[in-house]
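>>> okay, sequence plus prediction incoming.
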There are 2 protein chains.
Amino acid sequence: MTKGLIVLGTVGLDTIRVPSGVRRDILGGSAAHCAMSASLFTTVHLAAVVGNDFPGVYIRFLKRRGVNLTSLQVTPGCTFRWEGEYKPHDLNTACTLNTQLGVIDGCIPKLSPQQRAIRHVLLANYDPDVQAEVLGQMEKPTLVGLDTMNLWIDIKQASLLRLIKKAHILFMNDAEARALSGEKNLMVAAEHLTRLGPRIVIVKKGEHGSLLLFQNDFFVLPAFPVRRVLDPTGAGDTFAGGVMGYLNCCRKVTPRNLQRALAYGTLCASVNVEGFGMDRSSRVTRTAIEQRLRRFGSMCRL
Amino acid sequence: MTKGLIVLGTVGLDTIRVPSGVRRDILGGSAAHCAMSASLFTTVHLAAVVGNDFPGVYIRFLKRRGVNLTSLQVTPGCTFRWEGEYKPHDLNTACTLNTQLGVIDGCIPKLSPQQRAIRHVLLANYDPDVQAEVLGQMEKPTLVGLDTMNLWIDIKQASLLRLIKKAHILFMNDAEARALSGEKNLMVAAEHLTRLGPRIVIVKKGEHGSLLLFQNDFFVLPAFPVRRVLDPTGAGDTFAGGVMGYLNCCRKVTPRNLQRALAYGTLCASVNVEGFGMDRSSRVTRTAIEQRLRRFGSMCRL
């Protein structure tokens, strides 16, 4: 078995406060969000650890979505929990109110022998040492996508830099790209980041779209405009999941396929922010994404 | 004579402070910047007032660019002067250090009898009462583009709203669109603004691209990525000039022509910010813009 996409990251319970209300203990985590969008395109093998308090309803929900849960490890203890708030004036930025690591502290997901032969992996936001450990379990990864967050740039930069060397596609938001490269201009920052190892750097700019650098060529896309952003949590994850999920179906990583992948990532993120947690992205179909792609195509033409 | 584009606005002398240096008393003003880009596409008739201290070298410069100066009125007194600064962390926002109105205080540009018959006009940023007065001189304007700034929203909103009713294309930056509409989401803000009169609303987002609303259809473009933004002064003006200049060559205002106009506006602005004042935009050729359009097309594909 070499088909499909390994998605390593957190699966947890989010409490989210937005201007219009609060939702408590809803399914969240980097890997869960990535899996939602990637599973529109391919079979996702989730590699994550949850506590034995993790609701069975979410296990069944992920199964119904077709996600392979062989490597979703259930361990005695508490599931990872995150609580965040978005202020009305800046829906781009989450203020973390509380984080409880629970069982993910010290527990490393283990791929099954069959899953180790899979070629594509998305290392969604997680401790870079754990990301490296799971990547090390893979026999011959040919496409490694890596996402991260400002926390790891701040407290585990050496580990992160070692891991970046092994990544083919590096996902960073604009602030992270600037922080890690020390460059303000995003083109220059992306060039700097490719010199750290990855062939492809994708800078996510939230509501302002994205920038991709591949072999000296830059690609740019605006965000798909959304009339009402309800909850931005997981936008970056569903973006990365859409990109990696689409590429998993492509025979080769060509400039054209990367551009198309960028568009799918953009659209998956645009769907995700329209609902709380995974309300919208868990319900969207590939057909609906294709419809949105056609609308995007008529909106964004030169 | 009904061909060409009237461009009304300020022509002045700018002192610009950017992180990399200072330039004093260089050619600036909303109409001058608009004229630079619009003249790539059509004959621009400048309607503006300058003092008798206005350097002859700039008069000759504008003439060489093919700008019709019949309605550039030279009046005893001082030319409009603006001094602004851009901080390293936010090149999108100009901090005004000093403004001297000089002769534009109380002086209203007058179109020649022949120019009154011209059909297209770009009312570049100016006192909305002066914009209305010059629009009133035109016999039968069929395409009125209107640009403005936060100052007029704050201190002359009633005049501005009366004028907006008569505009076909309203240009606003994101902050202005939000301020005038009271809506945070830019799609909702643009819809609100079309209800004030204009058929077309274009929201300029600086380095984050633009959004256009026409008959319930939204168009979006990212900015053309620029490796080094030297001086953002006039970016919005060259954008509007590019849009109106291109539309002036089109037989009809169709969705397709608007999309193309948006792309040209984007490219004209991208050239302008690469140099101080008009250093770059005065030298760029239509051929170079077409080359950049092809590059943009290969960068931004779905």
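Yes, it's here. Numbers count the residues shown, from 1 in each chain, chains lettered A, B, ... in the order given.

>>> pLDDT score assigned to A:Lys110?
pLDDT, A:Lys110: 97.

>>> what about the helices in the stretch 1-150 of chain A?
Along the stretch 1-150 of chain A, counting by DSSP state H, counting those that start in this stretch, helices occupy A:30-38, A:56-64, A:128-137, A:150-155.

>>> please enumerate the helices of the stretch 151-300 of chain A.
Under DSSP H, counting those that start in this stretch, the stretch 151-300 of chain A gives helices at A:157-164, A:174-181, A:186-194, A:235-249, A:255-272, A:286-299.

>>> is the last one positioned near chain B?
Think helix A:286-299. Yes - using Cβ under 8 Å from any Cβ of the partner chain, helix A:286-299 reaches chain B at A:Leu293, A:Phe296, A:Gly297, A:Ser298, A:Met299. C-beta here means a position set from N, CA and C on the backbone, and glycine is covered the same way.

>>> buried only: go through the residues you listed for me.
Those of the residues of helix A:286-299 next to chain B that meet the buried threshold are A:Leu293, A:Phe296, A:Met299, by 16 or more other Cβ atoms under 10 Å in any protein chain shown.

>>> identify, from those, the entry nearest to B:Val134.
Using Cβ to Cβ, A:Met299 is the member of those that lies nearest B:Val134, at 34.2 Å.

>>> ok, A:Ser298 - contacts?
Residues near A:Ser298 by Cβ atoms under 8 Å, 6 or more residues apart in numbering or on different chains: B:Asp217.

>>> per-residue pLDDT, A:Met1?
In this model, A:Met1 carries a pLDDT of 60.

>>> was I right to think A:Val203 contacts A:Gly209?
No - shown here, A:Val203 and A:Gly209 do not form a contact pair, counting by Cβ atoms under 8 Å, at 9.5 Å.

>>> more neighbours: which of these two?
For A:Val203 and A:Gly209, the more surrounded residue by other Cβ atoms under 10 Å in any protein chain shown is A:Val203, and the numbers stand at 26 against 23.

>>> tell me which parts of chain A are close to chain B?
Residues of chain A that fall close to chain B, judged by Cβ under 8 Å from any Cβ: A:88-89, A:184-188, A:205, A:208-209, A:211, A:217-229, A:256, A:259-260, A:263, A:293, A:296-302.

>>> please indicate which of those residues are buried?
The neighbour-count test (16+ other Cβ under 10 Å) marks A:185-188, A:205, A:208-209, A:211, A:218-226, A:229, A:259-260, A:263, A:293, A:296, A:299-302 as buried among the residues of chain A next to chain B.

>>> now the helices of the stretch 1-150 of chain A in JSON lines, with mean neighbour count and distance to B:Thr238?
Listed next are these as JSON lines, based on neighbours: other Cβ atoms under 10 Å in any protein chain shown; distance: least, Cβ to Cβ, whole Å:
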{"stretch": "helix A:30-38", "mean neighbour count": "32", "distance to B:Thr238": "38"}
{"stretch": "helix A:56-64", "mean neighbour count": "13", "distance to B:Thr238": "51"}
{"stretch": "helix A:128-137", "mean neighbour count": "19", "distance to B:Thr238": "44"}
{"stretch": "helix A:150-155", "mean neighbour count": "14", "distance to B:Thr238": "35"}
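
>>> list phi and psi for A:Tyr126.
Taking degrees, to the nearest 10, you get phi -170, psi 170 for the backbone angles of A:Tyr126.

>>> ok, for it, nearest residue in space, not its chain neighbours?
A:Gly9 (5.1 Å; Cβ to Cβ, 6 or more residues apart in numbering or on different chains).

>>> over to A:Ser159?
The nearest residue in space to A:Ser159 (Cβ to Cβ, 6+ apart) is A:Pro128, at 4.3 Å.

>>> what's the answer for A:Leu160, then?
A:Pro128 (4.4 Å).

>>> next, the buried residues of the worst-scoring helix or strand of chain A on mean pLDDT.
Scoring the helices and strands of chain A by mean pLDDT, DSSP states H and E places strand A:90-100 at the bottom, with a mean of 88. The neighbour-count check on strand A:90-100 (16+ other Cβ under 10 Å) flags A:Leu91, A:Asn92, A:Ala94 as buried.

>>> isn't the second one up against A:Ala223?
Looking back up the chat, that one is A:Asn92. No - look at A:Asn92 against A:Ala223 with Cβ under 8 Å: they stay out of range, at 10.6 Å.

>>> common neighbours of these two, please.
Each of A:Gly206, A:Glu207 lies in contact with both A:Asn92 and A:Ala223 under the rule Cβ under 8 Å, 6+ apart.

>>> gap between the residue of chain A positioned farthest from its centre and A:Gly206?
In chain A, the greatest distance from the average C-alpha position (Cα atoms, centre = their mean) is reached by A:Leu302, at 29.3 Å. As judged by Cβ to Cβ, to the nearest Å, A:Leu302 and A:Gly206 stand 23 Å apart.

>>> same check on A:Gln73?
Distance from A:Gln73 to A:Gly206, counting by Cβ to Cβ: 32 Å.

>>> so between the two, which is more surrounded?
The neighbour count for A:Gln73 versus A:Gly206, taken as other Cβ under 10 Å, is higher for A:Gly206 (21 against 17).

>>> got the contact list for the closest residue to A:Val130 other than its chain neighbours?
Spatial nearest neighbour of A:Val130, chain neighbours left out: A:Ile108 (5.5 Å); criterion: Cβ to Cβ, 6+ apart. Contacts for A:Ile108 (Cβ under 8 Å, 6+ apart) come out as A:Val49, A:Val130, A:Glu133, A:Val134.

>>> closest one of these to B:Thr99?
A:Val130 (56.5 Å).

>>> okay, the closest one and chain B: tell me how far apart.
34 Å (Cβ to the nearest Cβ, to the nearest Å).

>>> now, which of the buried ones among the residues of helix A:286-299 next to chain B sits nearest B:Asp279?
Distances from B:Asp279 to these, taken by Cβ to Cβ, are shortest for A:Met299, at 33.7 Å.

>>> contacting residues around the closest one?
Taking Cβ under 8 Å, 6+ apart, one finds A:Phe224, A:Pro225, B:Asp217, B:Phe218, B:Phe219, B:Val220 in contact with A:Met299.

>>> switch to 10 Å and redo it
A:Pro222, A:Phe224, A:Pro225, B:Leu211, B:Leu212, B:Asp217, B:Phe218, B:Phe219, B:Val220, B:Leu221, B:Gln259, B:Leu302 (Cβ atoms under 10 Å, 6 or more residues apart in numbering or on different chains).

>>> and what of A:Arg260?
A:Val243, A:Tyr246, A:Leu247, A:Cys250, A:Thr254, A:Leu293, B:Arg301, B:Leu302.

>>> could you confirm the residue farthest from the centre of chain A falls within a helix?
No - counting by DSSP: H, G, I helix; E, B strand; the rest coil, A:Leu302 is not part of a helix but coil.
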